[in-house]
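In: sequence plus the predicted model coming up.
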Amino acid sequence: MVPEQFRIHETEHWLLNHRMDSALPGYLVLGAKGSEKELTELPREALVSLGPLLAASQQALMKMLRPKRVYFGRFGHTRGYSFHFHIIPIFDWLERQYLNSAEYRSPNRTGEERPLEEPDGADLTRFVSRAFCESQTPPPIEGPSVAHVIAELRAELQNEAL
């Protein structure tokens, strides 16, 4: 169950919340309210409303936080959680932190480290997960706090016809 302080927007089939263990402002999770574990198990109405919810989430993040890009990932293999998407804003300052942290850079298949100026989505997603969600001492953030972002996203998405 997602505590109220992390909940942002709710529809008949979906709950949008800030990731509970994330220190990265704007790291969202859009989860099915049913017990489905796969996209193919979702009711048609849930599927029809999924695209507009993902788009509205991205639009709200772009408007409010102005990230360089927004990643969408379907992970959701954790017991006790239904089908869900992770929505991860990637900021210039976050990329700089990644580039300055050799701990998270990984070699490619040839054993050579990827060019520093070109981190890929998998690398940055791993960095966000390890540094901002799993670490007891996450890196500093630039911009508004998680609580501020949650409040602003609630207000922004409340006005959407989703």
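Out: Received, thanks.

In: against which helices or strands is the lowest-mean-pLDDT helix or strand in the chain packed?
Out: The weakest-scoring helix or strand in the chain, judged by mean pLDDT, DSSP states H and E, is helix 121-127 (a mean of 91). Applying 3 or more Cβ pairs under 8 Å, 6 or more residues apart in numbering; DSSP states H and E, we find helix 121-127 packed against strand 69-74, helix 92-99. Yep, even glycine has a C-beta here, placed from its N, CA and C like the rest.

In: most packed of the ones you listed?
Out: By mean neighbour count, with neighbours taken as mean count of other Cβ atoms under 10 Å, helix 92-99 ranks first of the helices and strands packed on helix 121-127 at a mean of 16.

In: which residues of this structure fall in strands?
Out: 7-10, 14-18, 28-32, 69-74, 84-90 (DSSP state E).

In: want to throw those strands into TSV with mean pLDDT and distance to Gln158?
Out: TSV is the format used below for the strands of the chain (pLDDT from 0 to 100; distance: least, Cβ to Cβ, whole Å):
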stretch	mean pLDDT	distance to Gln158
strand 7-10	96	7
strand 14-18	97	11
strand 28-32	95	15
strand 69-74	96	20
strand 84-90	96	18
